[in-house]
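Trainee: Structural data only, the sequence is not supplied:
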């Protein structure tokens, strides 16, 4: 396995890497929240702003591994409030145009009080 690290996504907040690549090109990203990589600050206080940044952070990790959004097989999405589902989907649909398999659940809370978190499983071709 090979660790994936990029300065274009926020540094890990704990004892984990931004992503891992297994032999054969299977890529797993760690969950990404809507933090701006350069500042570590939230991208905004709305679900739309945070979702945009979280998904861009996932994209930066995929890019560092030689993959992209169209290579994604599955995403796992966490929302702090299921009332944000429609707004989150509107942002999500702009990036994951290949409509990968997905789980989306509401959770009690997310790191740094964020509104969403996104992770991806990808196969690099």
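Mentor: Cool, got the structure. The structure presented is a predicted model; accordingly, all values stated were derived computationally and were not measured.
Trainee: how about the lengthiest helix in the chain: buried residues?
Mentor: Identified as the longest helix of the chain according to DSSP state H is helix 47-64. For helix 47-64, the neighbour count (16 or more other C-beta atoms under 10 Å) marks 47-48, 50-62, 64 as buried. C-beta coordinates here come from the backbone N, C-alpha and C atoms, glycine included.
Trainee: And the helices in this structure, which stretches?
Mentor: Going by DSSP H, the chain shows helices at 47-64, 85-95.
Trainee: all strands in the protein, in order from the N-terminus.
Mentor: Along the chain, counting by DSSP state E, strands occupy 2-4, 19-21, 26-29, 72-79, 101-106, 116-123.
Trainee: separation between the residue nearest to residue 101 when sequence neighbours are not counted and residue 14?
Mentor: Closest residue to residue 101 apart from its sequence neighbours, by C-beta to C-beta, 6 or more residues apart in numbering: residue 74 at 4.3 Å. The gap separating residue 74 from residue 14 is 23 Å, by C-beta to C-beta, to the nearest Å.
Trainee: what about these two, which has more around it?
Mentor: Taking other C-beta atoms under 10 Å, residue 74 and residue 14 do not tie; residue 74 has more neighbours (13 against 6).
Trainee: Would you mind naming the residues that bridge with the closest residue to residue 103 other than its chain neighbours?
Mentor: The spatially closest residue to residue 103, leaving aside those adjacent along the chain, is residue 76, at 5.0 Å (C-beta to C-beta, 6+ apart). Bridge pairing for residue 76 (DSSP bridges) gives the partners residue 103, residue 119.
Trainee: tell me the contacts of residue 76?
Mentor: 31, 102, 103, 104, 118, 119, 120 (C-beta atoms under 8 Å, 6 or more residues apart in numbering).
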